[in-house]
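*Asks:* Next comes the sequence, and after it the predicted model I'd like to discuss.
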Amino acid sequence: MSLTTRVLLGLVLGLAIGVFLAPAEMGTPAVIVAWIEPVGALWVNAIRMTVIPLVVSLLLGSITSSEAKAVARVGGRAVAWFIGLVAGTATLGGLAAPPLLQLFRADQVQIPEFATATEAADVTLPPFRDWLVGLLPPNPIEAAAQGAILPLVMFTVIFGVAATRVAPEYREVINRAAKAVSETILVVVDWILATAPIGVFALTLTLAAQTGASVISAVAGFLAVVAILLTTATIALYPLVRAFGGFPMKLFAKACAPAQAVGFSTRSSLASLPPMLEEADRTLGLKPEVSGLVLPAAVSVFKYASPMSRIVGTFFVASLFGVELGAAEIASLAAGMGALSFYSPGIPSGGLFVVAPLWMAFGLPMEGIGILIALDLIPDMILTVANVTGDMAVAAIVGKKSG
C-alpha cells in the first residue's frame, strides 16, 4: 500500500471515528480524544521544525546554483501566475457567492442570538506602511525564531542574489552548504512522512470529535457554498496545469494528494511544504532550482483561494446583520479581498482579520469576524487544500516552462 493510500485511509478513519465520538466533552469519548490529541500535535510540531531550515536552504541552494537572470525569470513568472490566479478566484467569489447563498437560503436567516453571543473581535491591523517596512527584518535570526516567513524569505532571496555576485569559490561554498543542509533536512522529512498516516488520523479524529456534524440551516448553507466554490477552484487547476504545464491531470493529482491530505488535517500550507517539495521532485520531476524557489515563495505569500472564501463569509455576515451590498460594493470587495490576500498576519485565522478594513468601509460589524472564526474550521481545511493545490499548480506550470 502506497504512502498516499495510507495517508488518505488515516484521514477517512479519523473523520469517521471522530464523528462517532462527537461530542467528546465527557466520559469515554473525551478520554479517547485526550490521549490521541497529543499524537497529532507532536506530528505537526515535527513538520514545523523542518520548515525554517528547509525554506532557507532550498532558496539559497536554488538561487546560488542559477544565474541572477534565471532567478528573475522564474520568480517573475511565478508572481505573474500568483496575481492572475488570485484575481480569478476573487472574481469568481464575487460573482457566484450571492446567488449560491440565496439558493441555499443562507442569506435569508438571521441569527441575532448567535451574533450577540459572540464578543466583538478586537481587530488591530498594522498600517500598510508598517507591513511594508516589516518586509525587511532588522534581525533575520529573530525573524526565523518567530516564524516570520515572509521577511525571512526576503532576506534569504537578497542574500542569495548577492551570493551570485561574489567570487565563484565563495559562491560554491554557500551553495554546497545550503544543499548539504537541505539534503539532511529532507532525510528528516522522509522520516516524518513515514508517520503521516498516524499523524493525520490523530488530527482529523480530534477535529471531528470536537465539532461533530450539527449546524443550523443557515450555517449549513454557508458551509455548503464555501465548499462548492473552493472545490470548484481546486478542480479548475487540473486542466489549467494540463494546458499550460503539459502534465497529465492524473499525474498532477497524484503529486498533490499527499500535500492535500496534510493541508486538510493541519490547516497549514507551511506544514504541507515538505510533501509538496517531495512530490515536485519525485512525481513531477521539476528541477530543484525551480521547485525550491517557487514553492517556498508560494506558501509564504500566495493564498490562491482565500479571496473566494473570505468573500463568501462577508456576504454571509452581511445577510445576518441586514447589510445590503450592491454591484459596486461587490466589485470593490472582490478587488480588495484579492489584494489583501497577499497580506495575512501570522495569527490563528489571520486571513479573517485581514478583512477588517473592508468591513469597516462597508458598515459591517466586527462581531461578524468572531462568527466566522467560530465557523472557520471546516472552510479552512478545504481552503488549505485549494491553496496547496494552487502552489503545486504554479510550480508545475513555471517548472515546465523553465525546463
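*Replies:* Yep, that arrived.

*Asks:* Now do the SS call for residue 136.
*Replies:* Counting by DSSP: H, G, I helix; E, B strand; the rest coil, the backbone at residue 136 sits in coil.

*Asks:* Quick check: closest non-adjacent residue to residue 75.
*Replies:* residue 293 (6.5 Å; Cβ to Cβ, 6 or more residues apart in numbering). C-betas here are computed from N, CA, C, even on glycine.

*Asks:* Quickly find the element holding that neighbour.
*Replies:* In this assignment (DSSP states H and E), residue 293 forms part of helix 288-301.

*Asks:* circling back to that earlier point, what about the residue nearest to residue 75, how many residues nearby?
*Replies:* A count of neighbours around residue 293, defined by other Cβ atoms under 10 Å, yields 28.

*Asks:* As a check, name the ranges of all helices in the stretch 101-250 of the chain.
*Replies:* Using DSSP state H, counting those that start in this stretch, the helices of the stretch 101-250 of the chain run over residues 112-117, 128-133, 140-145, 149-163, 168-194, 196-211, 217-244, 249-266.

*Asks:* Only the buried residues of the last one, if you could.
*Replies:* By neighbour count, with 16 or more other Cβ atoms under 10 Å as the criterion, the buried positions of helix 249-266 are 252, 255-266.

*Asks:* Can you name the element that comes right after that helix?
*Replies:* Remark: after helix 249-266, the chain's next helix or strand is helix 273-282, criterion DSSP H and E.

*Asks:* Pick the one among the buried residues of helix 249-266 closest to residue 35.
*Replies:* Lowest distance from residue 35 to the buried residues of helix 249-266 (Cβ to Cβ) belongs to residue 265, with 17.9 Å.

*Asks:* doesn't residue 206 make contact with that closest one?
*Replies:* No - with contacts counted by Cβ atoms under 8 Å, residue 265 stays clear of residue 206, the gap being 9.6 Å.

*Asks:* what do these two both touch?
*Replies:* With contacts taken as Cβ atoms under 8 Å, 6 or more residues apart in numbering, the residues that reach both residue 265 and residue 206 are residue 40.

*Asks:* neighbours around residue 80, how many?
*Replies:* Using other Cβ under 10 Å, the number of residues around residue 80 comes to 12.

*Asks:* wait, what's in contact with the closest residue to residue 284 other than its chain neighbours?
*Replies:* Nearest residue to residue 284, sequence neighbours excluded (Cβ to Cβ, 6+ apart): residue 255, at 5.1 Å. Each residue near residue 255 by Cβ under 8 Å, 6+ apart is listed here: 279-280, 283-284, 392, 396.

*Asks:* Select from these the one having the most neighbours.
*Replies:* Neighbour counts for these, by other Cβ under 10 Å, peak at residue 392, which reaches 30 neighbours.

*Asks:* excluding its backbone neighbours, what's nearest that residue?
*Replies:* Using Cβ to Cβ, 6+ apart and skipping residues adjacent in sequence, the residue nearest residue 392 is residue 256, 5.1 Å away.

*Asks:* For the one you found, report the pLDDT, please.
*Replies:* At residue 256, the model reports a pLDDT of 94.

*Asks:* Equivalent analysis for residue 66, please.
*Replies:* Confidence at residue 66, expressed as pLDDT, is 64.

*Asks:* cool, residue 237 as well?
*Replies:* We have a pLDDT of 95 for residue 237.

*Asks:* my guess is it meets residue 393, correct?
*Replies:* Yes - counting by Cβ under 8 Å, residue 393 is a contact partner of residue 237 at 4.4 Å.

*Asks:* before we move on, back to that, could you list every helix and strand that the helix holding residue 293 packs against?
*Replies:* With contacts taken as 3 or more Cβ pairs under 8 Å, 6 or more residues apart in numbering; DSSP states H and E, helix 288-301 sits against helix 27-64, helix 68-103, helix 149-163, helix 273-282, helix 377-402.

*Asks:* In CSV, list the buried residues of helix 249-266 along with distance to residue 77.
*Replies:* Below are these laid out as CSV (distance: Cβ to Cβ, whole Å):
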residue, distance to residue 77
252, 18
255, 19
256, 20
257, 25
258, 25
259, 21
260, 24
261, 28
262, 26
263, 24
264, 28
265, 31
266, 29
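
*Asks:* quick one: low-confidence parts of the stretch 101-250 of the chain?
*Replies:* 106-131, 147, 207, 210-217 (pLDDT under 70).

*Asks:* Likewise for the stretch 301-403 of the chain?
*Replies:* 343-354, 356-357, 360-361, 366-367, 370-371, 373-374, 401-403.

*Asks:* Now do the helices in it.
*Replies:* So, for the stretch 301-403 of the chain - with DSSP H, counting those that start in this stretch - the helices run 306-320, 327-340, 350-353, 356-361, 367-374, 377-402.

*Asks:* out of these, which comes closest to residue 172?
*Replies:* Smallest distance to residue 172 across the helices of the stretch 301-403 of the chain (Cβ to Cβ): 22.5 Å, for helix 377-402.

*Asks:* That closest one: which residues count as buried?
*Replies:* Here helix 377-402 shows 378-400, 402 as buried, counting by 16+ other Cβ under 10 Å.

*Asks:* To residue 164, which of the helices of the stretch 301-403 of the chain lies closest?
*Replies:* Minimum separation from residue 164 across the helices of the stretch 301-403 of the chain (Cβ to Cβ) falls at helix 377-402, 16.9 Å.

*Asks:* Give the other helices and strands that that closest one contacts.
*Replies:* In this structure, helix 377-402 makes packing contacts with helix 68-103, helix 196-211, helix 217-244, helix 249-266, helix 273-282, helix 288-301, helix 306-320, judged by 3+ Cβ pairs under 8 Å, 6+ apart.

*Asks:* Reformat those as a markdown table; add distance to residue 7.
*Replies:* Formatted as a markdown table, these follow (distance: least, Cβ to Cβ, whole Å):
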| stretch | distance to residue 7 |
| --- | --- |
| helix 68-103 | 26 |
| helix 196-211 | 5 |
| helix 217-244 | 18 |
| helix 249-266 | 4 |
| helix 273-282 | 9 |
| helix 288-301 | 19 |
| helix 306-320 | 24 |
